[in-house]
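J.: next input, structure requested:
(chains A and B)
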Amino acid sequence: MLAVDGVDLELLPGEIHALVGENGAGKSTLAAIAYGAIRPDEGGIDASGTVGLVHQHFKLIERLRVWENVLLNREPRRGWRIDVAAARARVRALSERYGLAVDPDAPVETLPIGIKQRVELLRELDREPSVLLLDEPTAALAPSEIASFFETVTELARRGTAILVVTHKLAEVIAYSQRVTVMRHGRVVARSVTAETSAGAIARAMVGGELPALAARVDVAPRPLLEARGVSARSGTSVLREASFAVRAGEIVGVAGIEGNGQTALADVIAGIVPFEGELRFGDAALGAGDAPAARLARGIRVIPQDRRREALVLDWSVRDNVALGRQRTLPLAKFDPAAREVIERFDVRPPNPDAIAGMLSGGNQQKIVVGRMLADAPGLIVAYQPTRGIDIGAAALVQSRLIEARNAGAGVLLISFELDEIFACADRVLVISGGRFVGAFERANVDRGTIGALMAGHAA
Amino acid sequence: MTALLRTRAGRDVAVVLVAVFGVGSLAMLLARVSPVVGFGALFDGAFGTPEEIAETLVQTTNLLFPALGIAIAFRAGLFNIGAEGQLMLGGFAAGWLGAQFPLPGYLAIPMVLLGGAVAGGAWGAIPGFLRAKLGANEVISTLMLNFVATLLTTYLVTGPLAQTGGGSQETGTLPKAAQIPDMLADSRLTYAFVLALALAAVLWWVLKRTVFGYELRAAGEAPEAARRAGIDLGRTAFVAMTLSGAIAGLGGATIVAGVLHRFNTGLSPGYGFIAIAVALVGNLDPLWIVLAALGFGMLQSGGVAMQAEAGVPREVVSLVTGLVIIALAGRRAIVSRRTA
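T.: Numbers count the residues shown, from 1 in each chain, chains lettered A, B, ... in the order given. Here you go, the predicted structure:
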């Protein structure tokens, strides 16, 4: 199959060009071809000067220092040794020149994500590229970091670099790009001057039609379901500090926050993956601090994990066997097939084949299987951790609609998301998490994005 | 993780054939023997007469039990390379119990086999427990326990549990009632062969059609997803290692009760190690493992004839077996590094 099919794209010195499209539209493939990492079957790339690429997933060596990463393979040498003093000076000069403050000697593993991004950018800038490709550069950044990142990028463009930003965040496209190219199914479907188009028009071009509407919500009499009082926990590097919150049956509570602020610990506490201190009540009884996941499953708690490929699926298994996962003790073998067909039907899984191997499906269809099985036996509480990460708009709308329907049917939903759009589209109430603490609680109807965004970044409201 | 040990069966067959025939031929040429003559002697020695076929099936049986045990552990994501020790312990328990307690046939054989399975299971349970409770790497612990098993059984059979005098490294002879009946006169082939085939079928069914098998496979293929689906990884590791050891121990008991009629510290020419190759070539699937065991059984029994008839050292068989392990495990290690 062709990931990119006969695409023409022209970048001009001094412009920021946005390349948008859904997951799997071919954006990243195109960027990799431009960089030279993938050889095209047909056609070619003309570039005057060098091309730099900043990856969506940082390609930094965590154990090395900043200067070692920035100058990797281009270290200044003195004889057969690395000239460390010259290397430091070069990185310092580079960082001053572009206004990207970093400490050359800091080990990369100690740096926050925003700074790692700067290191990644400096590494490319050291080669003085005439073309710079940025693949989803703001995925892990806070709103304030995004603004300062684009200030830097705009400055680079002003100095004559041609910049291609691959993204799915339309607000950034509108705010910072001069031209925009939209891809769908490996082809270019729209080209515009940004000033002459709108986010709505770009989104329609991305999906090839009107955006799917979400399920309508009905009023449900809320009753208490999950209550946390002073819950603290740690899961790997993720820390939750004295969290107190409640989720009622019949509501979706959104947890807004930037990645890495305790969300993983929150999800894992409820899933029974890590022990906790404090008090957690579900229905009429407390949840045991040392419960295994099986105990939580038995209470009707379902946690949709963040990393579906690793934490929710057996990739080499069929859709049928994956739909049964978590219910293997209660679902007789003979019911595996009907259960799988039900999920396939309700969630429009493609291909609609219970024998299909889960690992071969697209991300969206994989997620449909995971969400489908979690919602299958009318759970009381659903924790959805980044349930639409990296899936196409159609699949995302379907997943969100099913969550809303579960809420309408009386389930409580805790929606942990890094995307404010998702929280505002789905939640009844919004909690803000920052530094492992809950720093704000609002009715969605009574709050605006600016307030939430400021709290997410750690600023008092 | 387990998936990496079970991919692309077709290419595995090619790897095995290259290792066996390509490298085997090379080794024979180094011994100044034509590969045609060498392999001819090998096949003839394995299948030439009914007695030779029977001996091939004896070797198949002796490899099949530990290979099935290894497959159970590997499918659970546990690299049990301690089948040799588990087999030794099982063999010793069977020999000692059989010689110590003369019982009627309908009790003696079950006692001997059960005793072997329990002893092997206990030997497998140790690394299982260490893994479940302390997270100890089972590769190291099972490997080490092989040495402990050899020394322990040698100590027991010559020391506190000696049944024959003079520091002999054997137990007493099993009474007729405790011996597994022969399938074919004038051969060492017993009904243990049928038991091994039945066990392969049962294990296939357990893996494929039971909740236990489902959870075991999930734990092996995707431990993080399995844990979140309510599967107790520690408990699964313990049970899988115990079962794995029990199957290998049962194999040791059948060698004692069927072939040797006593325990001897030289019981196994490395069945527990060769069985790793058998399990891998059999794609960790009990039914394919039967075929793989037949192939390696042929190498084992034909190797003797090859040395006698063609003057090719028997070690060529060990060389080929080792190459198969390295080729299969190594190629998978490369695949796993690429996909990591």
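J.: how about the residues of chain A near chain B?
T.: A:271, A:273, A:292-294, A:297-298, A:303, A:305, A:310-317, A:321, A:324-326, A:328-329, A:333 (C-beta under 8 Å from any C-beta of the partner chain). Every residue, glycine included, has its C-beta placed from N, CA and C.
J.: quick check: what element follows the host helix or strand of A:L240 along the chain?
T.: A:L240 belongs to strand A:238-249 when assigned by DSSP states H and E. For strand A:238-249, the following helix or strand on the C-terminal side (DSSP H and E) is strand A:252-256.
J.: looking at it, B:G258 is touching B:L174, isn't it?
T.: No. Counting by C-beta atoms under 8 Å, B:G258 does not reach B:L174; the two are 9.9 Å apart.
J.: more crowded one of these two?
T.: B:G258 (28 against 25; other C-beta atoms under 10 Å in any protein chain shown).
J.: show me what contacts the most centrally placed residue in chain A?
T.: What sits nearest the mean C-alpha location of chain A, by C-alpha atoms, centre = their mean, is A:R389, with 4.7 Å. A:R389 is in contact with A:Q306, A:F418, counting by C-beta atoms under 8 Å, 6 or more residues apart in numbering or on different chains.
J.: now with 7 Å?
T.: The neighbours of A:R389, taking C-beta atoms under 7 Å, 6 or more residues apart in numbering or on different chains as the test, are A:Q306.
J.: low-confidence bits of the chain, can you list those?
T.: With no chain named, the answer covers chain A. A:1-3, A:24, A:56-57, A:140, A:459-461 (pLDDT under 70).
J.: wait, chain B
T.: B:1-12, B:166, B:330-340.
J.: in ChimeraX, how would I select just the buried ones from the residues of chain A next to chain B?
T.: Buried residues among the residues of chain A next to chain B (16 or more other C-beta atoms under 10 Å in any protein chain shown), as a ChimeraX selection:
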select /A:271,273,292,293,294,297,303,305,311,312,313,314,315,316,317,321,324,325,326,328
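J.: which ones among the residues of chain A next to chain B are found in helices?
T.: A:A271, A:P293, A:A294, A:L297, A:A298, A:R310, A:E311, A:D321, A:A324 (DSSP state H).
J.: farthest pair within the residues you listed?
T.: The span of these, defined through C-beta to C-beta, is set by A:A298 and A:R310 at 23.6 Å.
J.: B:E221 touches A:V314, doesn't it?
T.: Yes. Between B:E221 and A:V314 there is a contact at 4.8 Å, judged by C-beta atoms under 7 Å.
J.: can you pull the contacts of A:G394?
T.: Contact analysis of A:G394 by C-beta under 7 Å, 6+ apart lists A:V207, A:P212.
J.: ok, back up a step: so how far is B:L107 from the residue nearest to the centre of chain A?
T.: 62 Å (C-beta to C-beta, to the nearest Å).
J.: what does the stretch 101-250 of chain B have sitting close to chain A?
T.: Residues of the stretch 101-250 of chain B found near chain A (C-beta under 7 Å from any C-beta of the partner chain) are B:209, B:211, B:214-215, B:218, B:221-222, B:224-225, B:227-230, B:232.
J.: this completes my enquiry, with thanks.
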